[in-house]
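A.B. asks: Let's see this in three dimensions:
(chains A and B)
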Amino acid sequence: MVGFVESSDGDLALHVERLYFSYGEARFRLAIPSLSIASGSRVAVIGPSGSGKSTLFNLIMGLSPNFQGRVEVLGEDIYSKTEAERCHWRLQHVGFIPQNFALLDYLSVKEQAIMPSKFLGNADSKAANKKVDQLLERAGIAQMESSYPETLSQGERQRVAICRGLAHEPQLILADEPTGNLDPETQRTITTMIIDEATRLSATLLMITHDHSLLSTFDHVIDISQWSGKERQ
Amino acid sequence: MKGSAIAYLGVRHLKKHKFKTALLIASLALVLFLPFALRLSLQFLELQLQGRAASTPLLVGAAGSELELAFSGLYFSSPELPLTRFGAIDQTRRSSSATIIPALSCFQAQGHPIVGTTLRYLEQRSISLKDGRPFAFLGECLLGSDVAADTGLTVGDSLFSSPETLFDLTGVYPLKLEVVGVLEKTGEADDRAVFTDLKTTWIIAGLGHGHAEASRIDNSKRLQDSGTTETDTIRLNASLREFQEITPETAASFHFHGNESDYPVSTFLIFPGDARERALLRAEFAKDASLQAIVPTEVMDAFFATVFRLEKFFFFALLFITFIMLMLALLIFRLSLQLRRNEFANLSLMGVSKSDRLGLALFEGLAVLLCAALVAALALVALQFALPVAFRSLL
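C.D. replies: Purely as a prediction, here's the structure:
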C-alpha cells in the first residue's frame, strides 16, 4: 500500500516528529511532520533516487545529528546520546544490510556473520556460534563458511550481508536496497528470506526497494518523496 | 567494542594481506636492526682486537704503517708488510732482559698463514700442545686447532707451503711441512696459523735450500758440455734436484747462504719486564729510522677512534635513513587507511565507533612495529652468534 504511514499507540519502533533536515548546495530537504512505525512491522520504503531514503536510514541509525525535530528509535531519543553511545546502540539494536554488501575482504563468510556478535563480546559463546551456523544454513551458504568474499557470487555476498545483519538478533532491521543488483528470481528469494528472518526475530523491518512487485509482501509502504524536495531559493 | 574484537579484526587483516605486511615488517626490521648491528659489531671487534693487543706489549717491525704492523704481529694477516732484518735489533737483544720473539708470517699453507718463530712464542702465549710434540727440526710444523679441523690433518701428516705466485717459474718451490703437533684451541688468531721454526720459513723464502751434491751430477744429464777437461769445476744447472722435503736423509744437505742477520723478519714481539723498560726500548728503537716500535693497544685505540668517528657518521646516516623509512612507513600506513576508507565507513555503519576504528588502525600499526622489533631482536641475537665466525674469517 503505497503512501501509507502507520500510527500506533502500542510499542513504537520509530517515532519521528516535525523532522526537518537539509544539506548540500542544492539544499535538499526532508521534512516529515509525523511518522510512527509499530514494532514488528514490515515496511517498504520507496521513492525515486535522491528522494531521501538513505537519509532517513542515516537519521534512524544515528548518523546525521544535524536536524531539527525529534527522532525516537526503539523508544529512545538516540540523539541525546554521545556519538560513541550511538555507535554501541546501533551495534546492539540495529541490523543494517547495505546495498553494496559492505563485506570485509579479509574475513571468511562465517567470520563476517559472527562479527557483530564479536564486537558485542558474545561471539565465543556456543549459542552465538550455533545461531550463526543456523542462519548460514537457512541462507544456503553454510557450505561456504570458510570462503572469502572474492570467491562468492553477488547473490552469495548479499546472503552473507544479510546473515551479518541478523546474526546478533537486532530489534530493528534496515535493508538498503538489498536486492538492487540481483536477478528477479534471486530478488524474490532474498526478500522472502529477510522478511522470514525479521518475522522469526519479531524485529521491525524497513527495506528500501525500487521493485514494486515486491511491495505486496510488506505490511506498509512509505513513499518518501512526499516529504522531500529542493528548498526554494 | 571489545579490545579482543579490535585485535581479532587487526590480525585477520594483517594475515589476509601477508605479502604487504611481511614487506612492511621486513623494511622496518631492517631499519631497526642496522644501527644496533653496527654498534654491536664494532663493540665486538673492539673487544676482540683490544684483548689480543693487550697480550703483546710491544711490536717492532720495518718502518711503515703502524696498523699493518699491528695486524701482522697479532693476526699474521699482512703478507705485504715490509720486512725487517733478523739482526736489526741485535744490540737490544744483547743488552735487554726483555723477551724478544721474532716472527715471519708472509707465507701460507692451504690458505692458512705460516708463522716462522721460536717455541718461546707458544710459551709466551700459553699455548699448549693437544697432540704430538713441539717442532724440533727443519721442516716440522705445528697446526693451530682450527687449521687441524679445517684441513683434517693430524700428527704424521704433511702439507705444502703455497707458492707465492703460481706463474713465477723462478720463484720459491713449495716446501713439504711435516705435522708434528696440534695445538690446543685458544680462541685467538693462533688457532688459524701453522707454526714452524723461523729457519724453516727462511727455507720457504728460498734463503736456505737443500739439493743433491753437485759433484755427483750425472754428466749425461748436463745440458751443455763446454768441452773443458777441468775436473774440479762443478757446474750447476737445471738437472740439479732441489729438495722440497726435509727428511733425515736430505736434512744434512740443507744450508743457508749469506748472513743470517740479514734474513727477513715480519715482526719482533717484545715482552719487557715492566712499563719503564718498555718506554726505554721504544726510545731506543725510535733512534733507528728503518724501524718502528708500536704498542698495539695504542694503535688499536687510534684505529678505533677513527672507526668510531666513522661510526658516528654512519650512525647519523642510518638515523636519517631510519627517519625516512619511518616517514615512508607512516605514509604507507596513511595511504592504506585512505584505501580502507570504505571499509571503515562500513564498520561505522555497523556500529564500530570512531575511537575503535582508530584503535584498529593503531593496533595494526603497533603489531607491525612490534613484529619488526621482534625480527630485529632475533636478527641481533643471530648476529651475536655469527660475529665470532665472521671475525675468524676476516682476521
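A.B. asks: how far away is the nearest residue to A:Q187 once chain neighbours are set aside from A:P48?
C.D. replies: Excluding the flanking residues, the one nearest A:Q187 by CB to CB, 6 or more residues apart in numbering or on different chains is A:T179, at 3.9 Å. The C-beta positions use only the backbone N, C-alpha and C, and glycine is treated the same way. As for A:T179, its distance to A:P48 is 17 Å (criterion: CB to CB, to the nearest Å).
A.B. asks: Tell me if I am right that the residue nearest to A:Q187 is in a helix.
C.D. replies: No. With DSSP: H, G, I helix; E, B strand; the rest coil as the criterion, A:T179 is coil rather than part of a helix.
A.B. asks: count of neighbours near the residue of the stretch 251-395 of chain B found nearest chain A?
C.D. replies: Nearest residue of the stretch 251-395 of chain B to chain A (CB to the nearest CB) works out as B:G351 at 2.8 Å. Other residues lying near B:G351 total 25 when counted by other CB atoms under 10 Å in any protein chain shown.
A.B. asks: Now do it, the pLDDT please.
C.D. replies: On pLDDT, B:G351 comes in at 87.
A.B. asks: who has more neighbours, A:T179 and A:P48?
C.D. replies: More neighbours surround A:T179 than the other of A:T179 and A:P48, with 25 against 12 (other CB under 10 Å).
A.B. asks: Could I get the contacting residues of the more buried one?
C.D. replies: By CB atoms under 8 Å, 6 or more residues apart in numbering or on different chains, the residues touching A:T179 are A:158, A:186-187, A:190-191, A:209, A:211, A:214.
A.B. asks: What is the burial count for B:K176?
C.D. replies: Look at B:K176: counted by other CB under 10 Å, it has 16 neighbours.
A.B. asks: Taking the centroid of chain A, which residue is nearest it?
C.D. replies: In chain A, the C-alpha nearest the mean C-alpha coordinate belongs to A:L174, at 1.0 Å (CA atoms, centre = their mean).
A.B. asks: and that residue, that's in a helix?
C.D. replies: No. Assessed with three-state DSSP, A:L174 is strand; it does not lie in a helix.
A.B. asks: out of everything not next to it in sequence, what's closest to the residue lying farthest from the centre of chain B?
C.D. replies: Relative to the C-alpha centroid of chain B, counting by CA atoms, centre = their mean, B:L349 is the outermost residue, at 65.5 Å. Sequence neighbours aside, A:F96 is the residue nearest to B:L349 in space, at 5.4 Å (criterion: CB to CB, 6+ apart).
A.B. asks: surely the one you found meets A:L172?
C.D. replies: No. A:F96 lies out of contact with A:L172 (CB atoms under 8 Å); the separation is 9.1 Å.
A.B. asks: Give me the nearest residue to A:D105, chain neighbours excluded.
C.D. replies: Residue nearest to A:D105 in three dimensions, not counting chain neighbours: A:P149, with 5.7 Å by CB to CB, 6+ apart.
A.B. asks: ok, now which ones touch the one you found?
C.D. replies: A:101, A:103-105, A:112, A:157, A:160.
A.B. asks: follow-up on the earlier one: if I read this right, the residue of the stretch 251-395 of chain B closest to chain A contacts A:A84, doesn't it?
C.D. replies: No. Using CB under 8 Å as the test, B:G351 is too far from A:A84 to be in contact (10.2 Å).
A.B. asks: next structured bit after the longest strand along chain B?
C.D. replies: In chain B, with assignment by DSSP state E, the single longest strand is strand B:99-109. Downstream of strand B:99-109, the first helix or strand assigned by DSSP states H and E is strand B:112-117.
A.B. asks: Tell me the helices and strands packed up against that next one.
C.D. replies: The helices and strands touching strand B:112-117, judged by 3 or more CB pairs under 8 Å, 6 or more residues apart in numbering or on different chains; DSSP states H and E, are strand B:99-109, helix B:145-151, strand B:194-197, helix B:198-204.
A.B. asks: in the longest one, what counts as buried?
C.D. replies: So the one you mean is strand B:99-109. B:100-109 (16 or more other CB atoms under 10 Å in any protein chain shown).
A.B. asks: got it, and stretch B:39-54?
C.D. replies: Buried-residue list, stretch B:39-54, by 16+ other CB under 10 Å: B:41-42, B:44-46, B:48-50, B:52-53.
A.B. asks: Then stretch B:310-323?
C.D. replies: B:311, B:315, B:318, B:322.
A.B. asks: same deal with stretch B:293-306?
C.D. replies: For stretch B:293-306, a neighbour-count test (16+ other CB under 10 Å) marks B:293-297, B:299-300, B:303-304 as buried.
A.B. asks: Just the ones of these in strands?
C.D. replies: Those of the buried residues of stretch B:293-306 mapping onto strands are B:293-294, per DSSP E.
A.B. asks: On the C-terminal side of the helix or strand containing B:N346, identify the next helix or strand.
C.D. replies: With secondary structure defined by DSSP H and E, B:N346 is part of helix B:341-350. The C-terminal neighbour of helix B:341-350 among helices and strands, as given by DSSP H and E, is helix B:354-394.
A.B. asks: Show me how far that next one is from its chain's centre.
C.D. replies: With CA atoms, centre = their mean, to the nearest Å as the basis, helix B:354-394 stands 30 Å off its chain's centre.
A.B. asks: ditto for stretch A:129-137
C.D. replies: Taking mean C-alpha positions (CA atoms, centre = their mean), stretch A:129-137 and its chain are 20 Å apart.
A.B. asks: repeat for stretch B:302-321
C.D. replies: Relative to its parent chain, stretch B:302-321 has a centroid offset of 22 Å by CA atoms, centre = their mean.
A.B. asks: contacting residues around that stretch?
C.D. replies: So stretch B:302-321 is contacted by B:31, B:34-35, B:38-39, B:42, B:45-46, B:49-50, B:66-67, B:70 (CB under 8 Å, 6+ apart).
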